[in-house]
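> Predicted coordinates and the sequence they were generated for:
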Amino acid sequence: MLLAALVTPAHAVQPDEVLKDPALEYRAREISAELRCLVCQNQSIDDSDAPLAKDLRLIVRERLEKGDSDKAVLAYVVARYGEFVLLRPVFALHTLLLWLTPVLAVLLGGFGIWRLARRRRPAPTRGLSAAEEAEVAALLRRE
């Protein structure tokens with residue numbers, strides 16, 4: 001039980017932030033999991049104790065209570081804080097390099113390995129000359 005408690009992520013959502021409607025709270029958690037804490041940068045706002053993360057969690061819940069859709073809440077936060085707030089960047093022309101870099105790295109690595117494999121082919125083996133074959137045959141007859 002203790003090991004399971006250590007493995008699960010620690011959510012920083014305070015009891016006073018939790019919405020009374022479980023469906024809205026679930027949606028708020030789903031949205032919060034997609035938003036980056038601008039202070040911690042590699043944590044979602046749900047996992048961060050930073051005051052700015054708390055403010056973002058409250059904004060998400062506020063917008064949901066006003067009746068905004070999940071996409072509208074995300075759009076509101078992105079409009080206010082920029083695309084950096086998204087943990088998964090959008091796939092667009094200005095983020096194309098970000099999305100294609102892993103693919104390009106794998107392709108370049110594969111090409112490099114292919115080139116190395118072609119370069120290291122063993123030299124063809126040379127057969128024995130007639131004189132050498134005669135010498136081997138003579139040695140074998142002595143035994």
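Perfect, thanks for sending it.
> next SSE after the longest helix along the chain?
When the chain is parsed with DSSP state H, its longest helix is helix 96-119. Downstream of helix 96-119, the first helix or strand assigned by DSSP states H and E is helix 130-142.
> Which strands and helices lie in contact with that following helix?
The helices and strands touching helix 130-142, judged by 3 or more C-beta pairs under 8 Å, 6 or more residues apart in numbering; DSSP states H and E, number zero. (Glycine included, C-beta is placed from N, CA and C.)
> Please save the CA atoms from it in PDB.
Extracted in PDB, the C-alpha atoms of helix 130-142 (Å, rounded to 0.1, in the frame of the first residue of the first chain):
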ATOM      1  CA  ALA A 130      48.400 -23.300 -58.400                       C
ATOM      2  CA  ALA A 131      51.800 -23.400 -56.700                       C
ATOM      3  CA  GLU A 132      50.300 -23.000 -53.300                       C
ATOM      4  CA  GLU A 133      47.800 -25.700 -54.000                       C
ATOM      5  CA  ALA A 134      50.500 -28.100 -55.100                       C
ATOM      6  CA  GLU A 135      52.500 -27.300 -51.900                       C
ATOM      7  CA  VAL A 136      49.400 -28.000 -49.700                       C
ATOM      8  CA  ALA A 137      48.800 -31.300 -51.500                       C
ATOM      9  CA  ALA A 138      52.400 -32.300 -51.000                       C
ATOM     10  CA  LEU A 139      52.200 -31.500 -47.300                       C
ATOM     11  CA  LEU A 140      49.000 -33.500 -46.900                       C
ATOM     12  CA  ARG A 141      50.600 -36.600 -48.700                       C
ATOM     13  CA  ARG A 142      53.400 -36.700 -46.200                       C
END
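> Report the distance from it to the chain centre.
Remark: helix 130-142 is offset 66 Å from the chain centroid, using C-alpha atoms, centre = their mean, to the nearest Å.
> Show me what that helix is in contact with.
Helix 130-142 is contacted from outside by L128, using C-beta atoms under 8 Å, 6 or more residues apart in numbering.
> tally of neighbours for D49?
By other C-beta atoms under 10 Å, the residues close to D49 number 13.
> And for the one 10 residues further on?
I59 sits with 17 neighbouring residues when counted by other C-beta under 10 Å.
> what's the spacing between it and G67?
15 Å (C-beta to C-beta, to the nearest Å).
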